[in-house]
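Trainee: with the sequence up front, the predicted model follows.
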Amino acid sequence: MGTIQFKQLTFNYPDQATPLFKDVTLQFDASWRLGLIGRNGRGKTTLLKLLQRQLEFDGQLKTDLDFHYFPQTVADPSQLARDVLMTLGQLDDSTFWQIERELNLLKVDLDCLWQPFNTLSPGEQTKALLALLFIDEHHFQLIDEPTNHLDQDGRDTVAHYLQQKTGFIVISHDRHFLNQVIDHVLSINRADITVQQGDYQTWQTTQEQQTQSEQHQNSLLKSEIKRLNQTAQQKSQWSQQAERGKNAGSVKNESANLDKGFIGHRAAKVMKRATTITARSEQAATEKQGLLKNVEITAPLTINNQSLKPQQIVLTATDLVLEQDGRALNQPLSFELKAGQQVALTGANGTGKSTFIKALLALPEMQHQVSGQLTIAPRIKVS
Ligand SMILES: Nc1ncnc2c1ncn2[C@@H]1O[C@H](COP(=O)(O)OP(=O)(O)OP(=O)(O)O)[C@@H](O)[C@H]1O
Ligand SMILES: [Mg+2]
């Protein structure tokens with residue numbers, strides 16, 4: 001396997017004021033298991049499109065490889081899953097076993113191949129499309145957020161599956177998943193793009209060390225700038241005073257034989273020194289701008305619940321049963337939720353997590369899907 005290289009990549013979408021990528025040079029090996037990370041909207045999906053030459057860009061892309069992209073577009077999801085996969089993978093009856101081999105590794109029940117694709121659970125659809133990537137080892141795989149629809153078991157299965165493979169880029173916001181899967185990190189940062197060996201944890205440790213050292217330098221520079229500014233101000237005040245004093249002819253505390261020329265000369269020297277100090281402080285300030293360039297800023301999350309009393313009960317469920325298509329999703333459930341509590345709602349795919357949220361929102365479609373009682377305290381707004 002070869003390498004993949006971008007040289008001086010510059011790209012922006014037509015309506016973007018600043019380029020998404022500017023003069024980016026980037027190289028990685030086609031045998032790596034790369035995790036592509038970066039905040040929402042940084043350009044991860046776009047980078048995968050650029051690799052596939054789906055978008056025009058300035059600069060060079062050097063590679064002999066062909067790429068597969070997940071998630072593929074399913075033209076007609078009402079077709080049988082088997083037919084959908086055959087079409088996408090350009091397979092026939094004699095070669096379809098390759099898909100079955102991969103589906104087995106992904107622990108997918110092969111019976112589902114005989115269902116219409118759109119009746120597969122989102123987790124099964126994900127695994128079916130992933131299986132398609134790896135039937136052919138001559139491609140480099142571009143895998144865009146495979147974890148979105150997977151429950152924890154599904155994520156572990158896919159992580160284990162990808163551990164056995166090489167030669168792919170995977171985008172995921174799930175750190176635990178990435179730690180299980182990748183051997184390199186490709187990171188789209190605020191100010192640049194970096195490639196680093198190791199898993200997500202290794203990348204994070206390096207990142208934290210860098211931020212710490214930059215913060216330390218930053219605070220040193222800050223105090224130096226403050227000191228320099230004070231000194232510059234003092235010097236400039238002295239020189240102005242001296243200059244004024246010379247002209248008024250009343251310089252106090254100066255030796256009697258100092259003539260006006262000498263005072264003027266000294267004032268000029270002091271002024272020059274003040275100017276030098278100002279320049280130094282400006283340089284220090286510029287240096288500071290180079291620091292902390294990649295530090296990610298997170299706005300604090302505030303929850304507007306001031307109107308609630310501590311310990312006030314905000315939600316009561318009594319014998320709550322959620323139903324889907326006439327089937328009960330859970331055993332009768334009774335519990336209370338109090339103000340200020342932060343509760344995680346967990347469960348495998350298909351256990352009814354979203355249905356529960358919809359029941360809380362009292363959506364009209366839920367009327368016939370909830371039995372038991374769900375009481376929300378008055379004046380509580382569910383967002
Ligand atoms: N077709 C398009 N036309 C114009 N702007 C676009 C287009 N596609 C994406 N963008 C913009 O380009 C930026 C990068 O988008 P992209 O989808 O590549 O980000 P991402 O890193 O994949 O984000 P996420 O983590 O949310 O998937 C965003 O600001 C997005 O709004
Ligand atoms: Mg994306």
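Mentor: Looks like it arrived, so ask away. Ligands and ions are numbered 1, 2, ... in the order given.
Trainee: can you list the low-confidence ranges for the stretch 201-350 of the chain?
Mentor: Applying pLDDT under 70 to the stretch 201-350 of the chain picks out residues 246-260, 289, 304-306.
Trainee: residue of it with the smallest distance to ligand 1?
Mentor: Glu296 (13.5 Å; Cβ to the nearest ligand atom). Every C-beta, even on glycine, is put in place using the N, C-alpha and C of the backbone.
Trainee: around ligand 1, pick out the residues from the stretch 1-150 of the chain.
Mentor: Neighbours of ligand 1 within the stretch 1-150 of the chain, by Cβ under 6 Å from any ligand atom: 13, 15, 20, 38, 40-46.
Trainee: list buried residues within those residues.
Mentor: 20, 38, 42-44, 46 (16 or more other Cβ atoms under 10 Å).
Trainee: may I see the residues you listed arranged in JSON lines, with distance to Gly290, secondary structure and pLDDT as well?
Mentor: Shown next, in JSON lines, are these (distance: Cβ to Cβ, whole Å; DSSP: H, G, I helix; E, B strand; the rest coil; pLDDT from 0 to 100):
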{"residue": "Leu20", "distance to Gly290": "22", "secondary structure": "coil", "pLDDT": "95"}
{"residue": "Gly38", "distance to Gly290": "21", "secondary structure": "coil", "pLDDT": "95"}
{"residue": "Arg42", "distance to Gly290": "20", "secondary structure": "coil", "pLDDT": "95"}
{"residue": "Gly43", "distance to Gly290": "22", "secondary structure": "coil", "pLDDT": "96"}
{"residue": "Lys44", "distance to Gly290": "25", "secondary structure": "helix", "pLDDT": "98"}
{"residue": "Thr46", "distance to Gly290": "26", "secondary structure": "helix", "pLDDT": "98"}
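Trainee: would you map the strands across the stretch 201-350 of the chain?
Mentor: 313-324, 327-328, 333-338 (DSSP state E, counting those that start in this stretch).
Trainee: how about the nearest residue to the residue of the stretch 1-150 of the chain found nearest ligand 2, chain neighbours excluded?
Mentor: Per Cβ to the ion, Thr45 is where the stretch 1-150 of the chain lies closest to ligand 2, at 3.3 Å. Closest residue to Thr45 apart from its sequence neighbours, by Cβ to Cβ, 6 or more residues apart in numbering: Asp144 at 5.7 Å.
Trainee: the one you found: neighbouring residues, count only.
Mentor: 17 (other Cβ atoms under 10 Å).
Trainee: next one: the one 5 residues further on
Mentor: Around His149 sit 16 other residues, with neighbours defined as other Cβ under 10 Å.
Trainee: circling back: the residue of the stretch 201-350 of the chain closest to ligand 1 contacts Ala191, doesn't it?
Mentor: No: with contact defined as Cβ atoms under 8 Å, Glu296 does not reach Ala191; the gap is 10.9 Å.
Trainee: hey, what's in contact with both of the two?
Mentor: Residues touching both Glu296 and Ala191 (Cβ atoms under 8 Å, 6 or more residues apart in numbering): none.
Trainee: before we move on, the earlier item: of the residues of the stretch 1-150 of the chain next to ligand 1, which pair is most distant in space?
Mentor: Asp15 and Gly38 (20.7 Å; Cβ to Cβ).
Trainee: what about stretch 142-155, how long is it end to end?
Mentor: 17 Å (Cα to Cα, to the nearest Å).
Trainee: buried ones in that stretch, by neighbour count?
Mentor: 142-147, 149-151, 154-155.
Trainee: the residues you listed in strands, which ones?
Mentor: 142-144 (DSSP state E).
Trainee: all helices for the stretch 151-300 of the chain, in order.
Mentor: 152-163, 175-181, 200-248, 260-290 (DSSP state H, counting those that start in this stretch).
Trainee: which residue ranges of the stretch 1-150 of the chain form strands?
Mentor: The residue ranges that make up the strands of the stretch 1-150 of the chain, judged by DSSP E, counting those that start in this stretch, are 3-11, 21-29, 33-37, 58-62, 66-70, 139-144.
Trainee: and the second one, how far out from the chain middle?
Mentor: The chain centre lies 18 Å from the centre of strand 21-29; the measure is Cα atoms, centre = their mean, to the nearest Å.
Trainee: before we move on, back to that, check the buried residues of stretch 142-155 and tell me the two furthest apart.
Mentor: Put simply, by Cβ to Cβ the two of the buried residues of stretch 142-155 set farthest apart are Leu142 and Asp151, 23.8 Å from each other.
Trainee: distance-wise, check Leu120 relative to Ser187.
Mentor: Noted for Leu120: a distance of 33 Å to Ser187, by Cβ to Cβ, to the nearest Å.
Trainee: my error: substitute Leu292 in the last question.
Mentor: The spacing between Leu292 and Ser187, counted by Cβ to Cβ, is 16 Å.
Trainee: more crowded one of the two?
Mentor: Neighbour totals were compared for Leu292 and Ser187, and Ser187 leads with 20 against 16 (other Cβ under 10 Å).
Trainee: and the residue lying closest to Val74 once chain neighbours are set aside, how many neighbours does it have?
Mentor: Nearest non-adjacent residue to Val74, counting by Cβ to Cβ, 6+ apart: Val84, 5.5 Å away. Here the number of neighbours of Val84 (other Cβ under 10 Å) works out to 25.
Trainee: how far away is the residue nearest to Ala242 when sequence neighbours are not counted from Gly245?
Mentor: Nearest non-adjacent residue to Ala242, counting by Cβ to Cβ, 6+ apart: Ala267, 4.0 Å away. Ala267 sits 9 Å away from Gly245, going by Cβ to Cβ.
Trainee: what pairs with the residue lying closest to Ile376 once chain neighbours are set aside across the strands?
Mentor: Leaving aside its sequence neighbours, Ile376 sits nearest to Leu315 (Cβ to Cβ, 6+ apart; 5.6 Å). Beta bridges link Leu315 to Leu337, Ile376, judged by DSSP bridges.
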